[in-house]
Every structure is written in C-alpha cells, then in structure tokens.
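Chemist: sequence? don't have it. structure:
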C-alpha cells in the first residue's frame, strides 16, 4: 500500500496539472475570443464612421452643387428679369408728377431687390468661399444681415488667421451661416455679437444673440430641427467641437472650436 502511494501522488499531480492546463487553455481561448471581438467591434465602428463621413461628404457635395445651380439661376434669370423691369420703368415717359414719383419708388425697390438678390446669390455660391476664404465670406454674410436693419451686428477678431483646406472652409462657413439663419428666424432679438479668436493652430468662433434663448433641452431641439442636426454632423466631420446653449442672461451662444493640423499664417 505504501509502495502505491507515490504512484497515486504522481497520478494526482499529473491530473491536477492537466486540469490546470485545460483551464489555462480555456482562459486563453476566451481571451483571444474577446480580443478578436473587441477588434471586430472597433473595425465595425470605424467602418460605420467612415460610411457616415462619406455619406455626409456626398450630401455636402450634392448640396454644394444645388447651391451653385440655384445661385446661377438667381443671377442669370431672376436678376435679368429685374434688370429688364428697371429698364422699362426708366423708359416710361410720364408727365404726371404722381406717376413719376410712383415709378421712381418702384425703380428704387427693384434696385434694392436686385442688390439683395446678388448678395444672396454670392452667399450660397461655393465659389465665393473658395475665392474669398471662409472668414471674408462670413463678413459679407454679416453685411447682408446689417442691410435688413433688423439686427445690429458687432464683429471682432484676435490673433493671426490660420490656413484651412478649402473643403473644411466650406463646412465652417455653412455652420456659421446656419447659425445666423437660426438667429434671424427664431431669436426675436436685436443684436448679434461675433468674436473669432485664432491661437496657433486653433480657431474659436463665438456667436451670441440677445433673443429669447433656447428655452428647451438640447436633445429635444436635435429631434425637431434638421438645421441643428446638420450643424452637429458638419462639426463632427471636420472634426470640431460645436456647442449651443443659453446665454448667461438671455439669448443663445453658439461656439465652434476647430484645430487645423500644421496650420500656417495667411499673408
């Protein structure tokens, strides 16, 4: 019996070693499985993100082409019709002072409408951004708002501008343009303040109004307005940090923060 004891011990030791080895293999297999699963989820997330980026890029390209087409139609057709109408009014040989005054007023209104039409046409044409840059195009957009005499506009900048590739400039401009449109349509305010700060490779744009503010939770606003969803999606595409919140006392504050890799000072 004592002679068999070492043999039994050896068997128990070998069995224990085999069990531990099997447990180790199972743990290793589970680890490999989890690692592969994690890698798969990462790849799936990256593919989904790339798909979303390409989808948004295609959407922006289609929108850009649509803007260009609308701009051309406004300039070539509507603008031409207004110009012809102005020529006809100016060619009228009116003798009654009242009729002359009416014709003069109509001519002035058509002239003002033509100027506004040109401003709108320039603001939606992508070539205007590529020619002037997003910042100058944005300034022209602010001038267009000043002309409607519904808002006072204060604009300020600090720091040296950074160079940004054209595709991203278009996205930045569209975000800012949509922000201004929201203020005009929904704020019921009187004043718009814009401050742009450049710092090394970063640009921070802050747009503030003195209107009624959001008055709702941001998640609810996301569900209601396509404009806000578009701004958030565009900011993610840059990528940039986009925030919209109620102002300290009243109104709304929109902040767009973007960092351009290896930016250079524009001379």
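Modeler: Here it is on my side, so go on. Please read these numbers as outputs of a predicted model, since none were measured by experiment. Numbering: from 1, shown residues only.
Chemist: How confident was the prediction at residue 239?
Modeler: On pLDDT, residue 239 comes in at 85.
Chemist: Surely it forms part of a helix?
Modeler: No: counting by DSSP: H, G, I helix; E, B strand; the rest coil, residue 239 falls outside a helix, being coil.
Chemist: Show me which residues of stretch 15-30 are buried.
Modeler: Buried residues in stretch 15-30, defined by neighbour count with 16 or more other CB atoms under 10 Å: none. Quick note: C-beta positions are derived from backbone N, CA and C, even for glycine.
Chemist: the strands in the stretch 51-200 of the chain, which residues?
Modeler: 152-158, 191-199 (DSSP state E, counting those that start in this stretch).
Chemist: Out of the ones you listed, which is closest to residue 178?
Modeler: Closest to residue 178 of the strands of the stretch 51-200 of the chain, according to CB to CB: strand 191-199, at 14.0 Å.
Chemist: Does anything pack onto the next helix or strand after the closest one? Which helices or strands?
Modeler: Later in the chain than strand 191-199, the nearest helix or strand by DSSP states H and E is strand 202-209. Packing partners of strand 202-209 (3 or more CB pairs under 8 Å, 6 or more residues apart in numbering; DSSP states H and E): helix 166-182, strand 191-199, strand 252-259.
Chemist: measure residue 40 to residue 47 for me?
Modeler: When distance is defined by CB to CB, to the nearest Å, residue 40 is 10 Å away from residue 47.
Chemist: make that residue 204, sorry
Modeler: From residue 204 across to residue 47, the span is 32 Å (CB to CB).
Chemist: Residue 250 now?
Modeler: Distance of residue 250 to residue 47, given as CB to CB: 44 Å.
Chemist: Have a look at the two and say which one is more surrounded.
Modeler: Each of residue 250 and residue 47 has its neighbours counted (other CB atoms under 10 Å); residue 250 has more, 13 against 10.
Chemist: right, and the secondary structure at that one would be what?
Modeler: The three-state label given to residue 250 by three-state DSSP is coil.
Chemist: my guess is it meets residue 210, correct?
Modeler: Yes: the pair residue 250 / residue 210 is scored as a contact, 5.9 Å apart, by CB atoms under 8 Å.
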